[in-house]
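**Student:** next come a sequence and a model predicted from it.
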Amino acid sequence: MQFEDLDLIEPILNALEDQKYTEPTPIQEQAIPLVLNRSDVLGCAQTGTGKTAAFAIPIIQHLYHNGQHNPRDKKIKALVITPTRELAIQIGDSFKTYSKYTQLKNTVIFGGVKQGTQVNALRNGVDVLVATPGRLLDLMEQGYVRLNNIEYFVLDEADRMLDMGFINDIRKIIHKLPHQRQSLFFSATMPAKIVELSRKILHNPKKVEVTPVSSTAETIQQYLYFTNRADKNNLLKHILQDEKMNQVLLFAKTKHGADRIVRNLTKQKIKAAAIHGDKGQNQRQKALTQFKAGELRVLVATDIAARGIDIDKLRYVINYDIPNISETYVHRIGRSGRAGEDGVAISICEPEENVYVKDIEKLINQKIKVVKNNPFPQTDTPMTDKEKKEWEKEKQKRKKEFFANRNLKSDKSKSQNYSRSRR
């Protein structure tokens with residue numbers, strides 16, 4: 001099937017041709033006709049399946065057909081809610097690309113930056129608003145955003161909204177939407193709370209499901225290194241000796257862990273940067289831009305920050321930490337091997353994570369190939385429950401001592417400053 005078989009208008013077909021897009025992905029092929037037919041849609045699809053175009057293209061066509069591209073009309077007609085800044089920016093870029101030959105205007109609003117530029121864009125009028133929940137509610141409370149003219153509502157990455165604690169914010173936003181609207185709901189997984197939320201948003205929805213969460217792309221080669229916790233940094237250095245790995249997306253479990261990995265890589269003269277929730281928006285965007293441009297060899301990310309990262313022809317993904325949720329592994333390695341390209345996923349497993357590997361292999365229904373020529377093989381054994389409790393107790397003790405010493409130094413410094421000021 002070709003895009004021209006989907007009954008799309010000429011301005012959109014021209015924009016697609018500019019991008020050399022000719023064949024729709026499975027979710028686009030299924031969802032676009034349903035959305036054009038005014039149906040609510042419940043989509044189960046992961047990032048990277050082409051779902052942004054699956055809702056952006058028909059919304060643009062509806063707005064264009066309805067003559068709602070009048071520059072003097074400043075009312076927001078379509079609202080897209082998404083969990084992260086990076087994904088919001090990516091969706092905004094997609095709307096801009098596909099509406100190139102229309103007069104439709106869209107803007108993106110998100111937190112972590114000053115609101116002035118975003119407020120000015122809203123004052124000038126937009127047809128499509130892409131937003132993260134927190135900033136949207138802030139601007140609604142300040143009176144800069146009104147949702148009473150929304151005709152098309154999209155909730156994207158709903159399961160991640162749940163993970164990030166946005167569900168109450170979503171409920172507040174939904175309460176402000178007109179009852180008469182077309183709603184589209186996308187989630188990579190469908191836990192009970194997400195199904196319950198979808199029932200409150202959608203009316204007689206058509207279901208679209210592609211790439212089940214338990215599957216990994218056939219084009220991705222998966223490799224596994226078993227090692228000890230103390231050897232992980234040295235093993236990573238060994239892996240990165242392969243010069244072909246010139247662009248690597250590396251996943252870390254925590255923000256502090258991500259920063260620590262970047263420091264270690266920098267000491268080894270490997271250009272790297274981290275993106276996570278504690279980084280400012282400008283820092284995150286700069287790191288992503290540098291990575292895409294080839295100025296960074298390694299981009300270290302936490303799972304939440306990585307949502308929305310879409311890098312063409314990304315080949316290498318490394319799991320520095322094995323996720324304890326099996327589906328997360330599928331999402332991570334799915335960043336490579338997109339659109340038929342080859343991908344390589346490498347996982348580094350310490351003893352405490354061995355059980356997670358078994359769960360992952362059960363989910364994907366295949367064994368991950370274990371690398372034999374490993375210079376840092378796993379020799380330690382997983383801790384017993386008693387050892388874990390003792391280790392956790394010792395960790396808490398060290399943490400208290402650290403903060404106690406830091407407060408002591410702070411008090412001493414204040415005292416010295418006070419003494420100097422009295423001289």
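**Tutor:** Structure's in. What do you need? Since the model is a prediction, treat every value here as computed from it, not as a measurement. Numbering: from 1, shown residues only.
**Student:** SS state for residue 154?
**Tutor:** Following DSSP: H, G, I helix; E, B strand; the rest coil, we place residue 154 in the strand state.
**Student:** could you measure from it over to residue 199?
**Tutor:** 17 Å (C-beta to C-beta, to the nearest Å). C-beta coordinates here come from the backbone N, C-alpha and C atoms, glycine included.
**Student:** name the residue in the two with the higher neighbour count.
**Tutor:** Between residue 154 and residue 199, residue 154 has the larger neighbour count (other C-beta atoms under 10 Å), namely 25 against 12.
**Student:** got the contact list for that one?
**Tutor:** 55, 59, 78, 79, 80, 81, 183, 184, 185, 186 (C-beta atoms under 8 Å, 6 or more residues apart in numbering).
**Student:** need those residues in CSV with pLDDT and secondary structure, can you?
**Tutor:** Converted to CSV, the contacts of residue 154 look like this (pLDDT from 0 to 100; DSSP: H, G, I helix; E, B strand; the rest coil):
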residue, pLDDT, secondary structure
55, 96, helix
59, 97, helix
78, 97, strand
79, 98, strand
80, 98, strand
81, 97, strand
183, 97, strand
184, 97, strand
185, 95, strand
186, 92, strand
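**Student:** list just the nearest of the residues you listed to residue 328.
**Tutor:** residue 186 (17.7 Å; C-beta to C-beta).
**Student:** off-centre distance for stretch 321-341?
**Tutor:** Computed by C-alpha atoms, centre = their mean, to the nearest Å, the separation of stretch 321-341 from the middle of its chain amounts to 12 Å.
**Student:** mind listing what's buried in that stretch?
**Tutor:** By neighbour count on 16 or more other C-beta atoms under 10 Å, the buried set for stretch 321-341 is 321-323, 326-338.
**Student:** could you list which of these belong to helices?
**Tutor:** 326, 327, 328, 329, 330, 331, 332, 333 (DSSP state H).
**Student:** any idea how far the second one lies from residue 360?
**Tutor:** Going back to what we said before, that points to residue 327. Counting by C-beta to C-beta, the gap from residue 327 to residue 360 is 9 Å.
**Student:** can you check the third one too?
**Tutor:** Plainly put, residue 328 is 9 Å away from residue 360 if you go by C-beta to C-beta.
**Student:** ok, of the ones in helices among the buried residues of stretch 321-341, which one's closest to residue 132?
**Tutor:** Closest to residue 132, out of all of those and judged by C-beta to C-beta, is residue 331, at 19.2 Å.
**Student:** and residue 248, what are its bridge partners?
**Tutor:** residue 298, residue 316 (DSSP bridges).
**Student:** would you confirm that it contacts residue 300?
**Tutor:** No: between residue 248 and residue 300 there is no contact under C-beta atoms under 8 Å: 9.1 Å.
**Student:** break the protein into its domains for me.
**Tutor:** 3-209, 220-370 (automatic domain parsing).
**Student:** starting at the chain centroid, how far to stretch 249-257?
**Tutor:** 14 Å.
**Student:** residue boundaries of the strands in this structure?
**Tutor:** 41-44, 78-81, 106-109, 128-131, 152-155, 182-187, 206-209, 220-226, 248-251, 272-275, 298-301, 316-319, 343-349, 369-370 (DSSP state E).
**Student:** let's have those strands in JSON lines, adding distance to residue 7.
**Tutor:** Written out in JSON lines, the entries for those read as follows (distance: least, C-beta to C-beta, whole Å):
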{"stretch": "strand 41-44", "distance to residue 7": "17"}
{"stretch": "strand 78-81", "distance to residue 7": "20"}
{"stretch": "strand 106-109", "distance to residue 7": "23"}
{"stretch": "strand 128-131", "distance to residue 7": "21"}
{"stretch": "strand 152-155", "distance to residue 7": "18"}
{"stretch": "strand 182-187", "distance to residue 7": "17"}
{"stretch": "strand 206-209", "distance to residue 7": "17"}
{"stretch": "strand 220-226", "distance to residue 7": "34"}
{"stretch": "strand 248-251", "distance to residue 7": "37"}
{"stretch": "strand 272-275", "distance to residue 7": "40"}
{"stretch": "strand 298-301", "distance to residue 7": "39"}
{"stretch": "strand 316-319", "distance to residue 7": "37"}
{"stretch": "strand 343-349", "distance to residue 7": "34"}
{"stretch": "strand 369-370", "distance to residue 7": "45"}
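**Student:** of all these, which lies closest to residue 164?
**Tutor:** Comparing these by C-beta to C-beta, strand 78-81 comes nearest, at 12.1 Å.
**Student:** the closest one packs against which elements?
**Tutor:** Contacting strand 78-81 under the criterion 3 or more C-beta pairs under 8 Å, 6 or more residues apart in numbering; DSSP states H and E are the following elements: helix 51-65, strand 128-131, strand 152-155.
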